[in-house]
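Trainee: what's the 3D shape of this:
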Amino acid sequence: MNKLIIAATIGAGLPLLASAQAAVDLANLSQLDLSGTARYMSMGGAFTALGGDLSTLNNNPAGIGVYRSSEVGLTLSLMNRNTETSTADVTDKHNKTLFRANNFGYVGSFNLYNNTTPFINFGASYSRVASFDRIMSGGWGNMNGSSLSNYIAAMTNSEGDIPSSDMQFGDRYNPYLDSNIPWLSILAYNGYVINDNGNADGVIYSGLMGQGTYGTGEFKTREKGHVDEYNITFGGNVMNVFYYGIGVGITDLDYKQYSYYQENLSDAYIAASKNGADYEIVNGRADYRLSNFLHSSGSGFNLKFGVIFKPVNQFRIGLSVHTPTWYNMTDTYYGGIDYKYTPNDPAYSINQPENPSDAPITNDGTSWHDYHMRTPWRMSVGMAGVIGNNVIVSADYEYRGNNMSVSDVDGNEYKDVSSDVKTYYKGVHTLRLGAEFRVTPQLSLRAGYVYQTSPVKTEAANDGVMIWTAGTIPSYTFNKETQYVSVGAGYKFKRFYVDFAYVNRQRKSTFHAYTPILVDQALDQASPSASVSARDNEFVLSVGYKF
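Mentor: Below is the predicted model of the structure:
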């Protein structure tokens, strides 16, 4: 075994496992939040059949047909996000406060003075439809025979017989660019996290964890970013019974992730040399940290279609369909390993950098990759009714498919990612309920509730399949169900209005440091995981003017 530690320089034209999004990344970037005006949020977003609110421009565009006057409005919110990450050994808590503009919109209503088509309306709006801000951290006091190094070794072995020379740098040879070997394998090999064991027992590469090895693990992941949507909507009504609308959504996505994972192992199986001879596997102390940075950004568009039918004044039925959002995306990324190995036998040594900046990395700067991404389509149906003269109740059901995909800039779909999407994910069902009580002609009180199912299939959530990730980031997070509870109030002046809402969101997730190993019985192990509980408390204020 002979290794040479050199930093690699990379550029465009990269293999899939190096740079493109994996199925878990697509799911993360496709998530949407309950967001909009204070009235919309206080009633749980159950507006598919109601309409008449600026938020309906990115919900059911037929809602614009309900307008009989023009409107302009602004919504601001203050959110406190609490994230609790728990393992068997430690619980970490993180708190963050976010101030943002949830919604800004305008609707122009034009009276045609026609009994058949009395109004034609046009609208434009901005909405923040998703926020990615989250910090997760934790650790394990006993790795129980599990190690990231063993996962990387198993993944490398599953690629077939890869000579160790193919993962080392040479004259005019860069393994990141000149091979189809997974980048995480190359990075780990050059950082001594996995080692060539001479093809013993048919296993080409082995990790640091073996019989008698024990130690700890630690991780931290910080996410930040958002999805903003700009909508242009056109609609109207027919005889004040049938309302219709069509909209175009322009989206802007920005996501950043900073993460590290480290292990501190005793009696590990490390590569060391005695008296300058070839490296061999010996017992010793292994301390290493894998650090990653990912920035995904892009813009996209979607179409929205909707109708509302009002057979009687006290009852409405609504339907809306959203096409997938088609994105042009760019990823920039960086990965590196810092390490220190200490053989138990002082006669052995390892040639390792004294300066952490000399440790192996995937590049000498920030590299990039362009691709196309498609998020799922959505369909909503809703009903709303008026009880007496002062109570409104509404209910929505939404289905979101799992037809996510990623392709290169020429439109060639990455079939393996599409297959992983079908293996890991299922359609999402969302129930939204809302109610409004008009205390006086000016004052209204509101409440709402939202329940959203987990997008993850049971087998994937229970470590029943291997979860493939992209680049040098082995971790992933699976969301469970999400719930919102909201209340609010609104006051109407002659033309102005003020609305307020309080929204509580609770979402549980599971963080996995890396996938369970199911492809290599010699290295079979479970995945270290942590329970993540996110609780948001959001205060929303909307002001508007109707004319």
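Trainee: make it CA atoms for all contacts and neighbour counts henceforth
Mentor: Noted.
Trainee: any idea how far apart the tips of stretch 457-476 sit?
Mentor: End-to-end distance for stretch 457-476: 15 Å, by C-alpha to C-alpha, to the nearest Å.
Trainee: all strands for the stretch 1-150 of the chain, in order.
Mentor: All strands of the stretch 1-150 of the chain, identified by DSSP state E, counting those that start in this stretch, fall at 71-86, 91-111, 119-131, 134-140.
Trainee: which helices and strands does the third one pack with?
Mentor: Strand 119-131 is packed against strand 91-111, strand 214-238, with contacts defined by 3 or more C-alpha pairs under 8 Å, 6 or more residues apart in numbering; DSSP states H and E.
Trainee: and the shortest one, which residues are buried?
Mentor: Right, the one you point to is strand 91-111. The neighbour-count check on strand 91-111 (16 or more other C-alpha atoms under 10 Å) flags Lys93, Ala101, Asn102, Asn103, Phe104, Gly105, Tyr106, Val107, Gly108, Ser109, Phe110 as buried.
Trainee: out of those residues, which is nearest to Pro528?
Mentor: Of all those, Pro528 sits closest to Lys93, with 18.8 Å by C-alpha to C-alpha.
Trainee: partner residues bridging the closest one?
Mentor: Glu84 (DSSP bridges).
Trainee: where's it relative to Ile135, distance?
Mentor: Separation of Lys93 from Ile135 (C-alpha to C-alpha): 9 Å.
Trainee: please apply the same query to Asn240.
Mentor: Taken as C-alpha to C-alpha, the span from Asn240 to Ile135 is 49 Å.
Trainee: who's more crowded, the two?
Mentor: Taking other C-alpha atoms under 10 Å, Asn240 and Ile135 do not tie; Ile135 has more neighbours (25 against 18).
Trainee: confidence score at that one?
Mentor: At Ile135, the pLDDT value in this model is 96.
Trainee: now the stretch 101-250 of the chain, which segments are flagged as low pLDDT?
Mentor: 198-203 (pLDDT under 70).
Trainee: any common contacting residues for Lys93 and Ile135?
Mentor: The contact sets of Lys93 and Ile135 overlap at Thr83 (C-alpha atoms under 8 Å, 6 or more residues apart in numbering).
Trainee: and the strands in the stretch 251-400 of the chain, which stretches?
Mentor: Going by DSSP E, counting those that start in this stretch, the stretch 251-400 of the chain shows strands at 280-312, 315-322, 326-343, 348-349, 367-374, 378-387, 391-400.
Trainee: can you list the helices and strands that the helix or strand containing Leu187 packs against?
Mentor: Leu187 is located in helix 183-190, with elements delineated by DSSP states H and E. With contacts taken as 3+ C-alpha pairs under 8 Å, 6+ apart, helix 183-190 sits against helix 16-19, helix 148-158, helix 175-178, strand 326-343.
Trainee: who's the closest residue to Pro61 other than its chain neighbours bridged to?
Mentor: Take Pro61 and drop its neighbours on the chain: the residue closest to it by C-alpha to C-alpha, 6 or more residues apart in numbering is Gly245, 4.6 Å away. Using DSSP bridges, the beta-bridge partners of Gly245 come out as Gly235, Gly306.
Trainee: list the residues that contact Gly245.
Mentor: 60-65, 233-236, 305-307.
Trainee: wait, Tyr258 touches Leu294, no?
Mentor: Yes - using C-alpha atoms under 8 Å, Tyr258 is in contact with Leu294, at 6.7 Å.
Trainee: more neighbours, those two?
Mentor: Leu294 (23 against 17).
Trainee: follow-up on the earlier one: can you lay out the strands of the stretch 251-400 of the chain as TSV showing mean pLDDT?
Mentor: Output for those, formatted as TSV (pLDDT from 0 to 100):
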stretch	mean pLDDT
strand 280-312	96
strand 315-322	98
strand 326-343	93
strand 348-349	88
strand 367-374	88
strand 378-387	97
strand 391-400	98
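Trainee: buried residues in stretch 254-268?
Mentor: 254-268.
Trainee: so how far is it from its chain's centroid?
Mentor: Stretch 254-268 has its C-alpha centroid displaced from the chain centroid by 19 Å (C-alpha atoms, centre = their mean, to the nearest Å).
Trainee: check stretch 428-435 too.
Mentor: 21 Å.
Trainee: stretch 170-190 too?
Mentor: Mean-position distance between stretch 170-190 and its chain equals 28 Å (C-alpha atoms, centre = their mean).
Trainee: now stretch 187-197
Mentor: Counting by C-alpha atoms, centre = their mean, stretch 187-197 is centred 30 Å from the centre of its parent chain.
Trainee: CA atoms of that stretch as CSV?
Mentor: Taking Å, rounded to 0.1, in the frame of the first residue of the first chain, the C-alpha atoms of stretch 187-197 are listed here in CSV:
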residue,chain,number,x,y,z
LEU,A,187,-11.4,11.7,-0.6
ALA,A,188,-11.6,9.0,2.1
TYR,A,189,-8.8,7.0,0.5
ASN,A,190,-6.5,9.9,0.3
GLY,A,191,-7.3,10.8,3.9
TYR,A,192,-6.6,7.2,5.1
VAL,A,193,-10.2,6.9,6.2
ILE,A,194,-10.5,3.7,4.0
ASN,A,195,-7.5,1.5,3.2
ASP,A,196,-6.5,-1.1,0.7
ASN,A,197,-6.2,-4.3,2.6
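Trainee: now do stretch 67-75, average pLDDT.
Mentor: 97.
Trainee: in CSV, list the C-alpha atoms belonging to it.
Mentor: C-alpha atoms of stretch 67-75 as CSV (Å, rounded to 0.1, in the frame of the first residue of the first chain):
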residue,chain,number,x,y,z
TYR,A,67,-62.7,39.9,-6.3
ARG,A,68,-65.1,42.8,-7.0
SER,A,69,-62.6,45.6,-6.1
SER,A,70,-58.9,46.2,-6.4
GLU,A,71,-56.5,45.5,-3.5
VAL,A,72,-52.9,46.0,-2.5
GLY,A,73,-51.4,44.4,0.7
LEU,A,74,-48.2,43.6,2.6
THR,A,75,-47.5,40.8,5.1
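Trainee: in that stretch, which residues are buried?
Mentor: Tyr67, Arg68, Ser70, Glu71, Val72, Gly73, Leu74, Thr75.
Trainee: repeat for stretch 466-473
Mentor: For stretch 466-473, by 16+ other C-alpha under 10 Å, it's Met466, Ile467, Trp468, Thr469, Ala470, Gly471, Thr472, Ile473.
Trainee: can you pull the pLDDT of Gly388?
Mentor: 88.
Trainee: is the residue nearest to Tyr397 when sequence neighbours are not counted in a helix, a strand, or coil?
Mentor: The shortest distance from Tyr397 to any non-neighbouring residue, by C-alpha to C-alpha, 6+ apart, is to Leu431 (4.8 Å). Three-state call for Leu431 (DSSP: H, G, I helix; E, B strand; the rest coil): strand.
Trainee: same check, this time on Gly212
Mentor: Classified using three-state DSSP, Gly212 is coil.
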